[in-house]
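J.: Sequence and computational prediction follow.
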Amino acid sequence: MSWTYEFDPAASDIAAVRFEIQDTDPNAPLLQDLEVAYAILAETGVEAVEPQSIIPPGLYSAAARCAEVLARKFGMQADEEIGDLTITWSDQAKLYHDLAIELRAKAQGMYAPFAGGLTHSFKQAARSDPDRVQPAFRRGQFRNPYSGPGEGDGGGPFGPGGCD
């Protein structure tokens, strides 16, 4: 089993995830490299590489999965009290549970909805952008020039120009 952290989150995907969950202490490793690599693969479909290659939504998802695993790991351990010494694993479980929720929210927030077309100039700029993915639907896409005039409006039974 191996555990590595170069104190540079940009050094590798594993280091970036370790940084997010703060598994950065070589004297108290929480997850092995292969476990973190599995979380990255499971969440992003990409194998962990050096230098860092996964972008933030995938990074946050993989880190959230690791935090969920740690919450379960610490949640299964009973709190201990030996004399004046108290070890509360439940506090660590709660910490990682809350961290997992925060990281999942970050990952999902990276895909915030976009409301475009709010101004005429914005719509014109978007239409003229050659790199823009064209919309799947457009006004008049079902227009049939062969349907003939209909109901006095010149466009068939569905209004002007067909069913749009």
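T.: Cool, got the structure.
J.: Pass me the low-pLDDT residue ranges in this protein, would you?
T.: Low-confidence segments of the chain, defined by pLDDT under 70: 111-117, 148-164.
J.: cutoff 80 now
T.: 1, 110-118, 134-135, 138-140, 145, 147-164 (pLDDT under 80).
J.: who's in contact with the residue lying closest to residue 12 once chain neighbours are set aside?
T.: Among residues not flanking residue 12 along the chain, residue 50 sits closest, at 4.0 Å (C-beta to C-beta, 6 or more residues apart in numbering). Every C-beta, even on glycine, is put in place using the N, C-alpha and C of the backbone. Applying C-beta atoms under 8 Å, 6 or more residues apart in numbering, we find residue 50 in contact with 11-13.
J.: Ranking by neighbours, what's the top pick from the residues you listed?
T.: residue 13 (25 neighbours; other C-beta atoms under 10 Å).
J.: That one contacts residue 52, correct?
T.: Yes. Judged on C-beta atoms under 8 Å, residue 13 makes contact with residue 52 at a distance of 5.4 Å.
J.: Overlap in contacts, the two.
T.: With contacts taken as C-beta under 8 Å, 6+ apart, residue 13 and residue 52 have residue 59 as neighbours in common.
J.: So for stretch 72-86, what gets flagged as buried?
T.: The neighbour-count check on stretch 72-86 (16 or more other C-beta atoms under 10 Å) flags residue 74 as buried.
J.: So what would you say the end-to-end distance of it is?
T.: 20 Å (C-alpha to C-alpha, to the nearest Å).
J.: And stretch 3-21, by the same measure?
T.: Start-to-end, stretch 3-21 (C-alpha to C-alpha) is 14 Å.
J.: Okay then, goodbye and thanks.
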